[in-house]
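Chemist: here are the coordinates; sequence isn't available:
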């Protein structure tokens, strides 16, 4: 498979600030690359340079073998861009928006209309097609925005934080739409600060922070890099937590973490299911009442925490309530030792 | 299709988009028509009673001035709309499309002629009701309206550049007020300039707002031998002087605005 996007040593300065300090990445045709990082990491800058919107200071940036600056017009003809803001004209109807973009890709009147109708159907917007986009919900606008970027069947699609600001249900829906695109063979560069999103949609991940790539690989590879599995025991009464921790400590590869709020003891282990069985064995008969017991693999949130030394949500915009509800497990203190280990990883 | 044909078709697409918006955002049309009506009525009946305009009625003196002021204000729509498009990320989208670089600006400025056309029409009707008259031929009147709209079109390109530089519609609107009020008041628009202090009078004589006003006064026949006007060259040759301004404005600000568009990026 040929690489449809090639970025090498990409550097971009904004005045004193270094936005990109030499980023390398490639995206093979027909695959999805997830570009992951906190706000201000440089994700959007990479996308904007590739989408011909921003001048680069140094390095190579090519789409389908075309230089994004010297051959900008040719590049524009084969890319689609969905930016962080749903860039639809809110006073035009959904149909008018898509037709306009189709015409601007020089599709021809009839072809624009057919494509527009197709995409409205596919993105579940047919009923709203004749209403001004102003009346759309956030999720509908995003869908319209993505539909607009697809109208000329681009070979390469840039999705810059496609679900930021969406409620969990719309986000779920958006993931399904994106997953469908992938099955059509579109090559996608996706940026996100939602680790779950990258894990779910991308074939390969590149994690950037402060304009530098700090890790790359598949979701599984990154998780493996961070370490193995953890036991998680949730007690019914917080009074039992110290006893529970003492009980589990001998099985762990490190000291257990106790989260009072969720009444959970979490412990890194080396042998997975065997350790779980052993843990249950030693628990039996102690009289500690348990709510939940589990073996958990690290998710990308853990990866992020270890790689960057700060959580993905740390310098995030305010999260909606839904995120808080399942972030309990992430609220345990970051293991200082683990993050120091990964500092070494970085410089390797 | 050739590049030129693409450019034209892109500009037409964007013009259509802007005209649809005009239709869907009634506030814009309402403001563009109500405020000139208000100006005509206020000036005609409040100041008109106190201002002496020689041999012609104040309504006849006033209307060309109000026309000039209104299209000047109308042309600011170009800047605030572009600032808004920039803010909403639409310019980003357009810039990522294989379309002509000039199309967004051409489509904007051309659509804004449409907005000015509506205001001019409403003002003309209001003017006729309160006593303004055209004393020349149909073609002179047509020439006057054309000159007015072309003048506004050239100002639109200046506004386009400013809108792209300022980036926030609110800031742009406030800033443009500060510039446009003095420009349209230190002129022969509402009162004869004879009584101005010397510095202001010279400014008024060379102010293109004065010369576009004088040009259409001449073309509509809203003049009188007993109403003395300045001997300054621009006021004596208002059409030529105004056309020179139009050429300079277009020649300067079309390339500058298109260049700025190419650079403009949402931050």
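Modeler: On my side now, so go ahead. Just so it is clear, the model here is predicted, and its values are computed rather than measured.
Chemist: for the stretch 201-348 of chain A, just list every one of the strands.
Modeler: A:204-209, A:212-217, A:230-235, A:257-259, A:264-268, A:290-296 (DSSP state E, counting those that start in this stretch).
Chemist: I'd like those strands written out as JSON lines, with distance to residue A:170, mean neighbour count and mean pLDDT added.
Modeler: C-beta coordinates here come from the backbone N, C-alpha and C atoms, glycine included. Converted to JSON lines, the strands of the stretch 201-348 of chain A look like this (distance: least, Cβ to Cβ, whole Å; neighbours: other Cβ atoms under 10 Å in any protein chain shown; pLDDT from 0 to 100):
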{"stretch": "strand A:204-209", "distance to residue A:170": "23", "mean neighbour count": "23", "mean pLDDT": "91"}
{"stretch": "strand A:212-217", "distance to residue A:170": "29", "mean neighbour count": "18", "mean pLDDT": "90"}
{"stretch": "strand A:230-235", "distance to residue A:170": "30", "mean neighbour count": "22", "mean pLDDT": "84"}
{"stretch": "strand A:257-259", "distance to residue A:170": "30", "mean neighbour count": "19", "mean pLDDT": "81"}
{"stretch": "strand A:264-268", "distance to residue A:170": "30", "mean neighbour count": "23", "mean pLDDT": "83"}
{"stretch": "strand A:290-296", "distance to residue A:170": "27", "mean neighbour count": "13", "mean pLDDT": "84"}
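Chemist: quick one: mean pLDDT over stretch A:104-113.
Modeler: For stretch A:104-113, mean pLDDT is 94.
Chemist: what count of nearby residues applies to residue 197?
Modeler: Went with chain A since none was named. As a burial measure, residue A:197 scores 23 neighbours (other Cβ atoms under 10 Å in any protein chain shown).
Chemist: wrong chain, I was asking about chain B
Modeler: For residue B:197, the tally of surrounding residues (other Cβ under 10 Å) stands at 8.
Chemist: so how far is residue B:23 from it?
Modeler: 46 Å (Cβ to Cβ, to the nearest Å).
Chemist: cool, residue A:93 as well?
Modeler: On the measure of Cβ to Cβ, residue A:93 and residue B:23 end up 12 Å apart.
Chemist: who has more neighbours out of the two?
Modeler: residue A:93 (22 against 11).
Chemist: so what does the more buried one look like in phi/psi?
Modeler: For residue A:93, the backbone dihedrals (degrees, to the nearest 10) come out as phi -70, psi 170.
Chemist: what of residue A:218?
Modeler: Phi and psi for residue A:218, reported as degrees, to the nearest 10, are phi -80, psi 170.
Chemist: in space, what's closest to the residue in the stretch 101-250 of chain B that chain A sits nearest to - neighbours in sequence excluded?
Modeler: For the stretch 101-250 of chain B and chain A, the shortest gap (Cβ to the nearest Cβ) falls at residue B:103, measuring 7.8 Å. Among residues not flanking residue B:103 along the chain, residue B:10 sits closest, at 3.5 Å (Cβ to Cβ, 6 or more residues apart in numbering or on different chains).
Chemist: so who does residue A:190 touch?
Modeler: By Cβ atoms under 8 Å, 6 or more residues apart in numbering or on different chains, residue A:190 lies in contact with A:32-35, A:159, A:162, A:178, A:197-198, A:201-202.
Chemist: show me where the stretch 151-300 of chain A has helices.
Modeler: A:168-183, A:195-201, A:219-226, A:241-248, A:273-283, A:300-308 (DSSP state H, counting those that start in this stretch).
Chemist: and those: which comes nearest residue A:5?
Modeler: helix A:168-183 (14.9 Å; Cβ to Cβ).
Chemist: got the buried residues for that closest one?
Modeler: Using 16 or more other Cβ atoms under 10 Å in any protein chain shown as the test for burial, helix A:168-183 gives A:170-171, A:173-175, A:177-178, A:181-182.
Chemist: same check on stretch A:23-42?
Modeler: Neighbour count says stretch A:23-42 has A:23, A:25-27, A:30-38, A:41-42 buried, by 16+ other Cβ under 10 Å.
Chemist: and the gap between the residue nearest to residue A:130 when sequence neighbours are not counted and residue B:111?
Modeler: Residue nearest to residue A:130 in three dimensions, not counting chain neighbours: residue A:93, with 5.3 Å by Cβ to Cβ, 6+ apart. As defined by Cβ to Cβ, residue A:93 lies at a distance of 18 Å from residue B:111.
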